[in-house]
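Trainee: Fold the following.
(chains A and B)
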Amino acid sequence: MRFPGSTGSSKENRHALVMGIVLVILSLFLFRLLSIQILDNEYSELAQQNAIRRVDAYAPRGIIFDRNGHKIVVNRPIYDLMVVPSELPKPLDTLELASLIRISPLELSKRLIKAKNYSLFRPSLLHAQIRVEDFAPIQERLHDFSGIYAETRTVRTYLYPYAAHLLGYVGEASPELIEKSNGEYRPGDYVGVSGLEKTYENYLKGKRGVQYRYVDVRNREVGRYKNGVFDSLPIPGEDLHLGLDIELQVYAEKLMANKRGSVVAIEPSTGEILTMVSAPGYDPTLLVGNVRGHNYRKLQQDPLNPLFNRPLQAMYPPGSIVKSLQALVGQELNLIHPETRFPCGGGYAIAGHTVKCTHKHVALNLEESIQHSCNPYYCYVFKTVVDQNHGRRPREGYQIWYEYMKKFNLGRKCEVDLPNERKGIIPSPNYYDKIYGKNRWKSSTIISLAIGQGEFGITPLQMAHTMAIFANKGYYHRPHLVRSIGVTGQKKMKYREKFHIPIKPDNFRVVQDAMQKVVDAGTATAYGKIDSIIVCGKTGTAQNPQGKDHAVFVCFAPRENPRIAIAVLVENAGFGGVWAAPVASLMIEKYLKNSTKRHDLEQRLLKSRILPEGTDTIPTPTL
Amino acid sequence: MTGMREQKSVFQFIDKPLLWTYIALTLIGWIAIYAAVYNPQHQNLWDIQQNYGKQMIWILSSWLIMMILLSVHPRVYHHSGPLVYLVTMALGLTVAFLGREVNGARAWFEIGSFKLQPAEFMKLSTAMMVGYFFANQPIRMDRFSSQIMAGVWLFIPATLLLLQKDTGSALVYASFILVYYREGLSVNYLIYGLAIGLLSVLTLWLSMKTMWMVIPVLLVLYIVLAADSRKAFFNGIKLAVPAMALVSGVGYAFDHILLEHQKQRILVLLGKVDDLRGAGYNVHQSLIAIGSGGFWGKGFLQGTQTKFDFVPAQSTDFIFCTIAEEYGFWGSTVLLALFGFLLYRIFLIAERQPSAFGRVYGYSVGCIIFIHITINIGMTLGLLPVIGIPLPMISYGGSSLWSFTAMIAILLRLDTGRMLGIR
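Mentor: Model prediction:
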């Protein structure tokens, strides 16, 4: 055999060989085409028009459990009717179809036009969220309507009509999200919009699967295409296990019925949130399915603002509860000690006005000052801290105090695992420089901070968090709801981390002694004391320029090996000892002893109504 | 000769069959892209948000490029090889580090919404460089030194493309073996190439370890059975040692150099892995679409497989699918015939060039287009592994259309220069 080019072959031969190779390859392609397009009909069978239907298999979202393994949020199957306009029978009996799915013929034709405009060949949603019991009669008749088929998916079901704010809700993915997500989300997909559903969206959502099914000419599914080799199963979302105690949550919400305010309870040793109540609340089921838009608007228009997540977003001047903090800082800086006494005299006079005290106390020591919540005492303490350089350079003194507040996560976020947390307000030295001018302000200018008033705002979550730190004598974990995710049971690194506050445990003990007295023989004794459980607490009254002051009570229990730290805030309820303390006290009893003997107190709270003038008892939106 | 007169003469003497084939292919491409992305909601032919709207802009602008390149004096092409080569290689090097990454390859410059792929222009410049090299150097392709020199011009762009992780484009340079063969390279190299190809496929099919056993066994059998064992021994060793080296090299490259998805594609093609959801998905869907076309096809815009997004990359790498589904065996044959005619014309024109530059350049262009067609359609038909390179003039994409246009325009201009007696 001789090839062109072996030796001395001509140019023409080489040209011919190149063209020959081209011809061989092109002929090879032609034979291949002949074989798959004409001789072998395996492929054309596969592609037989409309024979294969691609059906998305939605992944169920992860289930949410409480700390004792009770299910809180689960899924329930529903059906979506889909339509492929090009496959609809001609003519289509729209009247019959409309009556079958129970919508008006006008609405039906609107939806069909919308589907046609989207695509003739791709499926569009015709009717969403048909309940299982309603679907049976539809399914029987479906074979009359080729081009219409059902997709199964799941919606959220809430097993308790409580905890709506922290659980959050899901809604359909927005066009912007779909655009941004690069195929991750498609029209009609659900996505967490608020609460845990939003924060843990990536874990909860799971992964969509797909199925290819043979469909016969009568629109019946006759089997799986190629026995399902192309199918992928949906991967369910990961479950969330919360630190929340759902029974305690329900109890707290009941106690807060017909009141406005917040309750936050934290397990001090772990930072796990046991309870987080925003009152008034609402039933999370209101925001499921096709009634969501209607109910959402109703909730939005409610003057009591039930959608507002108070524990994270409402800021209050902390009032007297800040005194415990002042006592700690003063001791740590060696500016006061347990036996330091300051005069009361019923008020602290500065620059022409007086910070009044509730009673006229004799000169109290540290413990007594907390026990009786003496205002002037803490004006002196604050002044001593700010003016520690003999009254010179108050900015430096204030800076030190300010840093301590930050260490307690006041004026900055706790980084809880929920969206839209607010950081609260504590003015920085720079802020005062701007308002008054550099070196133009001193302790007396900002004295209202001493008793937790003025430009001082903290959230109920921060109050409870501060109590957890007191209970732990100086260490904390960031407060969080989710203790473990999925089967692996991992906890986010962020919440495993342990932080220490640079204050000696001894100093905490002195303040704990005082806080124990508050409950045993002080401002919270009447409703706060529980037999056989040592509770440390502090009452407070948050000033409210718009109306009656807010009642505050913070506490933790038991004193040794504390298991629960609570902050309760009842708006417009006046003094903290009367309305806030009993809520906390009953919750502690419920959590630690599982029941209470103080039925009268319980009944009083369940039945009482503390709402601003002119608002009705909270209306319940209809389902 | 004034500019005007020459201009007129250029169009008078231009090779019209090639020009018309080129124009026909670009228009067929546009129709196919329109069908591939057709959506009843957007029926505006000029919607530049859609691929077909953009492609129309690419087509019109490439015709403009054609006109401009036809009006340049051929002497410019004879001499500009090194400069163009240098510039495009510099671009190729830059993009490997600063370019935008799309689908794993760092091969694009992004200027606003406009994306430029230097790889496409590197093909053109290599053709010009190789032509320049043959025209200005005393080359004898039967000499080792000339072979090395000729290889360097391919080695540089291929390396740059591997740096960009654009394996498909790097493979294009293999086609120059035919150019060099035309210029005197021994036919043995083509045979070696074929042998290497076969051995590689065998290695991947049977695994490296099997081949390590098979080759010595064959060697022993050959020596034992041969009449002159002594002679057979030396001949056998001469074949077996390089074969063993090749087998080991291929095995190593497969295990350590190829990326996971490339391995998967090869294994699927060899039928070793039946992965219809993953790597095999594209090809399987492509075959369904083509097979369902039958003899006459389903008709314009009637393709269902492509409509339902079963076939990915329909307007780019898998564009042949759309054509085969909608126009069937008949339409596919016409397209293949057009490509055959295009190549026939290009090699014919190359042969009739009086200058070494014109001839070598013409062959380079023909071979580049030929390997694109081979790899692209071969992949779509499930004969070759999935390698993403465009189908010339048909696939969606501005850079590649411009580059192929420029290749053909320059060849046409060189050819008219011949007719006008300009060297």
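Trainee: so where do the strands sit in the stretch 301-423 of chain B?
Mentor: Applying DSSP state E, counting those that start in this stretch to the stretch 301-423 of chain B gives no strands.
Trainee: Which residues of it lie near chain A?
Mentor: B:304-305, B:307-308, B:324, B:328-329, B:332-333, B:336, B:339-340, B:343-344, B:347, B:351, B:363, B:366-367, B:370, B:373-374, B:377-378, B:381, B:383 (CB under 8 Å from any CB of the partner chain). C-beta here means a position set from N, CA and C on the backbone, and glycine is covered the same way.
Trainee: To what extent is residue A:231 buried, counted in neighbours?
Mentor: 18 (other CB atoms under 10 Å in any protein chain shown).
Trainee: Domain boundaries for the chain, per the record?
Mentor: Answering for chain A, as no chain was given. A:60-87+A:111-242, A:246-482+A:496-607 (automatic domain parsing).
Trainee: To clarify, I was referring to chain B.
Mentor: Taken from automatic domain parsing, chain B resolves into B:58-190+B:271-419, B:191-269.
Trainee: So for the residue most central in space within chain A, what's the pLDDT?
Mentor: The centre of chain A sits closest to residue A:195, judged by CA atoms, centre = their mean, with a distance of 2.6 Å. According to the prediction, residue A:195 has pLDDT 94.
Trainee: Assign residue A:77 to helix, strand or coil.
Mentor: Taken by DSSP: H, G, I helix; E, B strand; the rest coil, the conformation at residue A:77 corresponds to strand.
Trainee: where does it sit relative to residue A:204, distance-wise?
Mentor: 17 Å (CB to CB, to the nearest Å).
Trainee: what's the lengthiest helix in chain B packed up against?
Mentor: Counting by DSSP state H, the longest helix found in chain B is helix B:319-351. Helices and strands touching helix B:319-351, by 3 or more CB pairs under 8 Å, 6 or more residues apart in numbering or on different chains; DSSP states H and E, are helix A:11-34, helix B:16-37, helix B:281-291, helix B:304-307, helix B:356-380, helix B:398-419.
Trainee: Tell me which residue in chain B sits closest to chain A.
Mentor: Of all residues in chain B, residue B:291 sits closest to chain A, at 2.3 Å by CB to the nearest CB.
Trainee: right, and that residue touches residue A:38 too?
Mentor: No. Counting by CB atoms under 8 Å, residue A:38 is not a contact partner of residue B:291; they are 9.2 Å apart.
Trainee: okay, these two: which has more neighbours?
Mentor: residue B:291 (24 against 15).
Trainee: Model confidence for that one, exactly?
Mentor: Looking at residue B:291, its pLDDT is 82.
Trainee: show me where pLDDT drops low in the stretch 101-250 of chain B?
Mentor: B:103-104, B:113 (pLDDT under 70).
Trainee: which residues touch the closest residue to residue A:391 other than its chain neighbours?
Mentor: Using CB to CB, 6 or more residues apart in numbering or on different chains and skipping residues adjacent in sequence, the residue nearest residue A:391 is residue A:442, 7.5 Å away. Contacts for residue A:442 were tallied using CB atoms under 8 Å, 6 or more residues apart in numbering or on different chains; they are A:386-387, A:391, A:394.
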